[in-house]
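Trainee: Turn this into a model:
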Amino acid sequence: MTTIPRVPHLVGTNKIVRLEDVYSEIGDVCGISKLDGPPPADAETASLRQLITNGTIRRATVTLTNKKIRSVYMVAANCPKVGALETLAYQSGLLIKTAHFAQRITLG
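Mentor: Predicted structure coming up:
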């Protein structure tokens, strides 16, 4: 099994976090884009845990066409668009079959 490299991504407009490099096709729907070149002037780095705790991003569960289950992160403002992830390419030719959020959310 190969691991997907983690590279800097821009979450929203001003947060930089290291995520797996799978957001090339689904980044527009998720509100996350790969950081190419210098970061914006007002951007600050954050950890994934911080962004989840303060509600900036949420974790969606996606099922791929090969029946594997993966997690992707979405900006909270883009959460109503989770259904738009279906039929988009995830990685290396795999398509997303279903996408949803967990019904129960543990608030920390």
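Trainee: Need the residue closest to the centroid of this structure.
Mentor: Central residue of the chain (CA atoms, centre = their mean): Tyr73, 2.8 Å from the mean position.
Trainee: Not counting its neighbours along the chain, what's nearest that one?
Mentor: For Tyr73, ignoring the flanking residues on the chain, the nearest one in space by CB to CB, 6 or more residues apart in numbering is Ile57 at 4.7 Å. For every residue, glycine as well, the C-beta is placed using N, CA and C.
Trainee: Is the residue nearest to the centre of the chain located within a strand, as I assumed?
Mentor: Yes. Counting by DSSP: H, G, I helix; E, B strand; the rest coil, Tyr73 falls inside a strand.
Trainee: Return the per-residue confidence for Met1.
Mentor: Among the per-residue scores, Met1 shows a pLDDT of 53.
Trainee: what's the answer for Leu85, then?
Mentor: Model confidence at Leu85 (pLDDT) stands at 91.
Trainee: what do you get for Thr56?
Mentor: pLDDT, Thr56: 89.
Trainee: returning to that earlier point: now do the residue nearest to the centre of the chain against Ala41, distance only.
Mentor: Separation of Tyr73 from Ala41 (CB to CB, to the nearest Å): 24 Å.
Trainee: was I right about Ala60 contacting Leu85?
Mentor: Yes. Between Ala60 and Leu85 there is a contact under CB atoms under 8 Å: 7.1 Å.
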